[in-house]
Structure formats: C-alpha cells, structure tokens
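Student: Sequence and predicted model, in that order:
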Amino acid sequence: MTSDHADAPAPPLQPLLDAAEVVLRAPTQVWSGPGGDLGAAPIDGIYHGDVRHVRALTLTCDESPIEWIGTSRPGASRIVFSGLLRAIDDAMPDPRVRLIRDRTAEGAAVRERLEIRNGRSIPVEATLRVRLRPEFASLHAVKAGEAEPAEFEVLSTEGSVAVAAGTHRFTVVAHRGEVRIAEELVELEWRVSAPPRGSVSVDWVVALSDDTLVVRPAARPAPWDAPALAASVRGPEPRLARWLATALDDLDALRLALPDAPEDEFYAAGAPWFFTLFGRDSIWAARLLLPVDASIAASTLRVLARLQGAEDDPDSAQEPGKILHELRATTLEIPGEQVVLPPTYYGSVDSTPLWVCLLVDAWRAGMPDDEVRALLPHLRRALTWITEHGDSDGDGFLDYLDRSGRGLANQGWKDSGDSIQWRDGALAQGPIALCEVQGYAYEAVLGGADVLDRFGEDATGLREWAATLRGRFADAYWVSTPEGRYPAVALDRDKRPVDTLTSNIGHLLGTGILDPDDERHVASLLLGESMSSGYGIRTMSTGAGGYWPLSYHGGSVWAHDTAIAAHGMLRAGLRDEARGVVGGLLAAAEGFGYRVPELHSGDPATETAAPTPYPAACRPQAWSAAAAVVAWSALAAG
C-alpha cells in the first residue's frame, strides 16, 4: 500500500540556519558547513546584499582527504577551520600534518588563507584546490526554498577570473596559484611544499560588487572597544562579559550606511535575510545600545529622516511624516503569501513613534544641540503623523490596515500573519490597534513636546493629546480572563479588546501610559510561569489557545522582546524584576554560545538543559545582540 502523497513534490522550505557556520561584514556574509565548504545545506553560499553570488565552494587536497577536527571563531568576521591530512602523514598515531583554513569576511570581499603545518622531519608536498560554483540567486528565493541559478558570463585573465550576471559580479584571485574555468566552476590550484617542522601558506580572495546595492559597508571602525568594555564588567555574573563581547562584535559587523551618506551608519537588522535598513529594528538596536554608544543613534535618526514619508501612497504604505519600515534594492515578493513589497516600504505602525522616542533618548543622552535642531522639522512631521494620521478609523488609537492588499497584514513588530490572536486562537481582524504602539505614542508625544520646548518651538496641544490617549487606553484595553487582569494585545476592527496574554504588554513598561501599580502588576505577569520560560519571556502565554513553543510569534522567545521588557522595568524603577528577566536572558546566551539568535523555542527551562533552537532563526540579529547591553545595565543598576 502506498501513500497518496508518495509522488507529490516536496514543498519548498525555508533553509534552516542553526547548524550552519557564518562569517559576516555587512553587506557580505558566508554560510557554510563545519569544515568551511559550501553547498551541502540550502543556506550555504557567499552573499553580497540580496544576492547569493556563490552557491558552492569546496577545498580539496589531491594527495589526502581532509578530515576536519576543529573550528574557532575569533570574531563575527573571521572563522578558522582546522583539519588533518593523514594520507601524507607518517605512521605514528599522533597527527603531524595539519591544514588550517582561515576565512575572513569584508564588506565587499571574502578572503581565505590556507596553511599546511608540517610536524614531520621531512618536507611534505601537496596540491590544494578550491572550486567555486557561481549562482547569482535572489536572497528572497533562497529564503523561500526556490533558488535558481542565473545566467552568467565569465571573463578569464591572467591570475584572475571574473563572473558576472547583469549588475552582479565577483572576481577571484589566487595569490601564487593558478585560476581557471572548469565545467562552469572557477578552479584555483596551488602546488606547495611545507618544509620539515615548518609551514607553507597560500591566499585567495573573491571580490564582490553590485551596482544596484542600496547599502554600503560602514567606513569607520566601531565607536567602542568591545574587549575593554567586556573586561570592565565586574560582579558575580561571569556570563555577562562573554555575552557583551560577542554581542558588540556582532553589532560591529552589522553596521551599514547608505551610499549617499556614508558617514551616517545604522545597524542592519540581521543575518542572513535582513542585511539592510529596517526602521523599527535599526531604531530599537540603537536605542538599547545607548549606554554604550550614542553616535549611531544620531546617525540612524538622520538616515531615517532623509527617507521620511512625503506623500500618500497605499502601495508603499507611505504617508506624510511616516518613518520607513524597510529598504531593499528590488521588489520583495513573499511566495505563498501574496505579499509584494516595493523597494521602499513604510508598512510599520510603530517605526514613527519609535523614531521620536529614539530622538528624545539621544537628546537626553547628550546628542549635540545642532544635530537635534537639524532634525526638528522631521520631528514635527513625525508628531503630526502620530497625532493626526496614525489613526485610520477615528477611534483615537494608532492602528494599521494594509490598504494595498499586497502589503504586510500585521505591521507591528509581530508581523507574521497569525500573530494577533484571540485567547481561543482565532485571528483578530483589522484595523488593529496594538497596545504597545499606544505606549510608544504616549511616550513619543510627551518627549517630543519636551524637545520642542527646549528649542523654543510651540508644543501646544501635544501634552493634552497624550493625556487623552492615556485615559482612553485605561478605559479600553484592560481585560480580565482566567489568567488574570492585563492589557489586551490589541483592539480589533470592532474596538473589542483582543484578550490574549502576550509579551506586548512588556513594551508598555516605562512609557508612562500605565500607573506604577499597574506596571508592577504587568511585570509580575511577565515573570509568571505562563509567560517566563526560564530563558526569556514568551511571546504568548501557555494558557492561550494558539500557544505553540515553536510558533514564530505565538509562544517563542525573542531576546530583544524580553530585553525591552527589562529595559522598561528599569525605567519604571522595578530593578529586582528586571534582574529576574535578565537571568533568563543570560541562561539563553550561555545555551547559544553567547550569540543569541533572533528567537528560540518557548519550551520551559525545567524541561530542557539549554534553550531549544528555532532552527530558521537569524543569527546574529542586531536587536538580540543589543539585549546584552540591557543585561549589563540591569546588573549594574544599584
């Protein structure tokens, strides 16, 4: 008897990332297997911007198989693989001939140094070969499991090979070696001899270019000394220094700029899918990192201000004063979801109030007056969007509804299609007014009024607007269920409070929209058994009908989400509660080798010795890395 589905083609699947090795220096990244070869896993490849230039890469030795025995990761942009060449070794049990593969990612290149170390008393000769297979597939197609190679042309010159597909191009150079084309592969060859008890090394590089790239590498070193900051950590928590050092190194590698303003840097959202500017993500990463560095907060504000919405366009969700959601080189089509996003897309209900909040925080952290003053026209337009245009249906709350029919159905940070659910698991219908967005708006308008006052501009009506929103929120959002009393995740199109207990309420802490007693109550709920996994705060309570620990937004744990709650607790004076939340973050960081992914399973720590990966989660992710700074602040607080 055969299954009805035996002959059915396998559906395309998103690549899994958890077991892969990655090196990166935005906008370039390399994903590989444990020995450094590329091609065995769907994610493998050399990427530049939104294109996978190289699909497969292999290193071989003619005289011996390579047996990979170790991997070290000196930093986000460098990885070293260690192997053995036992077929050219002696008969003794101790290995004496080693191969070291040292890979570095740069903003527009990938370099490798190959070294044979010879512990024998005689010379060792070997022939090393590297083979690359070009592809030039769209990153979006790779993510959808539908990558197909593009047509390309090859130009071979003495000492190098260039491969191009339209505006995408890479050039391979082998120092002291041969480069040639062999059956649509680029092949590099070196014949080397390692002297007795000595070594020999060779180098090669692939330089990447794309004329349509909308981002460029950061031009300057990171404005912090990560090892020094990590070394300065004192106290009884040794995990914090390791996490902070790793996180700052990842954030360094995630820095980008736009071609027309290379001096203004921002954080790419994360690897591999989000190597570009995301309003919400870049803002939150910069905001959480303010205790370490304020300069990227200021430059992020300027980058987004230059792209601030100027007209009403339903296709791009652009509106006057609105802050960008996402910037891409080309249209983004999400297969199977009927989502088609233009290259410049504004479908985010929270990026505008968060931009104002970042400006206020950066100003209070010492952003120079002339830099703040230059942004005042953008502040005015953002505040006008919040107070006059962010409410689509006139009920007094900021909300979202995709007007194009091809944009994101959900436009808060939980932007998957099933993220806003009733407690029984049914999906809420829009327009959706998320609870945390009202908190952001309240904080933004009050803070914006303070900035305008400081610079002698009229803030009339802003504080009254905020007070009205606060009172309206208290009347409309609180619900009581068997899990207790708490703010609803959202109001639906009929103004009914969507009654699921979610992590969204953690974003209300410290915004001022809640009374102090309510803040303590919300904090206690987040630390309760149904919300706290022991590795962070779940996105959805275990008591909800739609809860599933490996749901993207319906039961998983996101480090940045948990950190935002801890950040709010600190601002609300709830230091003990913040430290309790940070304890879970540190446990997760340890479990992931101190590179915390985008998200992980909501399984309880009582059942797992380490957090269970969400195997398709991005890593590193800018705001997950920035969570380490919140942990530092919480443990340093008196």
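Tutor: Thanks, I have it.
Student: correct me, but Glu311 touches Gln318?
Tutor: Yes - judged on Cβ atoms under 8 Å, Glu311 makes contact with Gln318 at a distance of 6.1 Å. All C-beta spots, glycine's among them, are computed from the backbone N, C-alpha and C.
Student: These two: who's more crowded?
Tutor: For Glu311 versus Gln318, neighbours defined as other Cβ atoms under 10 Å are more numerous around Gln318 (22 against 8).
Student: Quickly note the distance from that one to Gly512.
Tutor: Going from Gln318 to Gly512 by Cβ to Cβ, to the nearest Å gives 29 Å.
Student: repeat for Asp203
Tutor: Distance from Asp203 to Gly512, by Cβ to Cβ: 57 Å.
Student: Same check on Val172?
Tutor: Going from Val172 to Gly512 by Cβ to Cβ gives 56 Å.
Student: for Ser404, same thing?
Tutor: Taking Cβ to Cβ, one finds Ser404 at 34 Å from Gly512.
Student: could you pull out the helices for the stretch 351-500 of the chain?
Tutor: Here the stretch 351-500 of the chain has its helices, by DSSP state H, counting those that start in this stretch, at 351-364, 369-374, 376-384, 435-454, 462-476.
Student: Can you list the buried residues in stretch 502-521?
Tutor: By neighbour count on 16 or more other Cβ atoms under 10 Å, the buried set for stretch 502-521 is 502-514, 518-521.
Student: Stretch 290-309 now?
Tutor: Within stretch 290-309, the residues that count as buried by 16+ other Cβ under 10 Å are 290, 292-305, 307-309.
Student: Quick check: end-to-end length of it?
Tutor: Stretch 290-309 has an end-to-end distance of 26 Å (Cα to Cα, to the nearest Å).
Student: And for stretch 266-281?
Tutor: Criterion Cα to Cα; first-to-last residue distance in stretch 266-281 is 10 Å.
Student: and if you look at stretch 457-466?
Tutor: Stretch 457-466: ends 18 Å apart by Cα to Cα.
Student: Stretch 168-187 now?
Tutor: One end of stretch 168-187 to the other measures 20 Å (Cα to Cα).
Student: Please verify my assumption that Ala147 contacts Ser138.
Tutor: Yes - counting by Cβ under 8 Å, Ser138 is a contact partner of Ala147 at 7.4 Å.
Student: can you confirm Arg520 is in a helix?
Tutor: Yes - assessed with DSSP: H, G, I helix; E, B strand; the rest coil, Arg520 lies in a helix.
Student: Let's see the pLDDT reported for it.
Tutor: For Arg520, the pLDDT comes out at 98.
Student: Could you pull up the contacting residues of it?
Tutor: By Cβ atoms under 8 Å, 6 or more residues apart in numbering, the contact set of Arg520 is Leu574, Glu577.
Student: For it, give its distance to Ala298.
Tutor: Plainly put, Arg520 is 34 Å away from Ala298 if you go by Cβ to Cβ.
Student: what's the lowest-mean-pLDDT helix or strand in the chain packed up against?
Tutor: Lowest on mean pLDDT, DSSP states H and E among the helices and strands of the chain sits strand 332-334, with a mean of 83. Contacts defined by 3 or more Cβ pairs under 8 Å, 6 or more residues apart in numbering; DSSP states H and E place strand 332-334 against helix 139-143, strand 339-341.
Student: Which parts of that strand count as buried, going by neighbours?
Tutor: By 16+ other Cβ under 10 Å, the buried positions in strand 332-334 come out as Leu332.
Student: Likewise for stretch 89-100?
Tutor: Within stretch 89-100, the residues that qualify as buried are Asp89, Arg96, Val97, Arg98, Leu99, Ile100, counting by 16+ other Cβ under 10 Å.
Student: For the last one, give its distance to Ser121.
Tutor: Plainly put, Ile100 is 20 Å away from Ser121 if you go by Cβ to Cβ.
Student: Pretty sure Gly510 sits against Ala566.
Tutor: No - here Gly510 lies out of contact with Ala566, judged by Cβ under 8 Å, at a distance of 10.0 Å.
Student: Please tell me I have it right and Gln338 contacts Arg406.
Tutor: Yes - counting by Cβ under 8 Å, Gln338 does reach Arg406; the two are 6.6 Å apart.
Student: Pick out whichever of those two has more residues nearby.
Tutor: More crowded of Gln338 and Arg406, by other Cβ under 10 Å: Arg406, with 16 against 10.
Student: Contacts only, for the residue nearest to that one when sequence neighbours are not counted.
Tutor: The shortest distance from Arg406 to any non-neighbouring residue, by Cβ to Cβ, 6 or more residues apart in numbering, is to Val340 (4.3 Å). By Cβ under 8 Å, 6+ apart, the residues touching Val340 are Thr331, Leu332, Glu333, Ile334, Arg406.
Student: nearest to Thr606, of the helices of the stretch 351-500 of the chain?
Tutor: With Cβ to Cβ as the measure, helix 435-454 is the member of these nearest Thr606 (28.6 Å).
Student: Identify each buried residue in that closest one, please.
Tutor: 435-449, 451-452.
Student: Which elements pack onto it?
Tutor: Helices and strands in packing contact with helix 435-454 are listed as helix 351-364, helix 376-384, helix 462-476; criterion 3+ Cβ pairs under 8 Å, 6+ apart.
Student: mind giving me a markdown table with the ones you listed and columns for mean pLDDT and distance to Val163?
Tutor: A markdown table is the format used below for the helices and strands packed on helix 435-454 (pLDDT from 0 to 100; distance: least, Cβ to Cβ, whole Å):
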| stretch | mean pLDDT | distance to Val163 |
| --- | --- | --- |
| helix 351-364 | 98 | 38 |
| helix 376-384 | 98 | 42 |
| helix 462-476 | 98 | 56 |
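Student: most packed of those?
Tutor: Across the helices and strands packed on helix 435-454, averaging neighbours per residue (mean count of other Cβ atoms under 10 Å) puts helix 351-364 on top, at a mean of 25.
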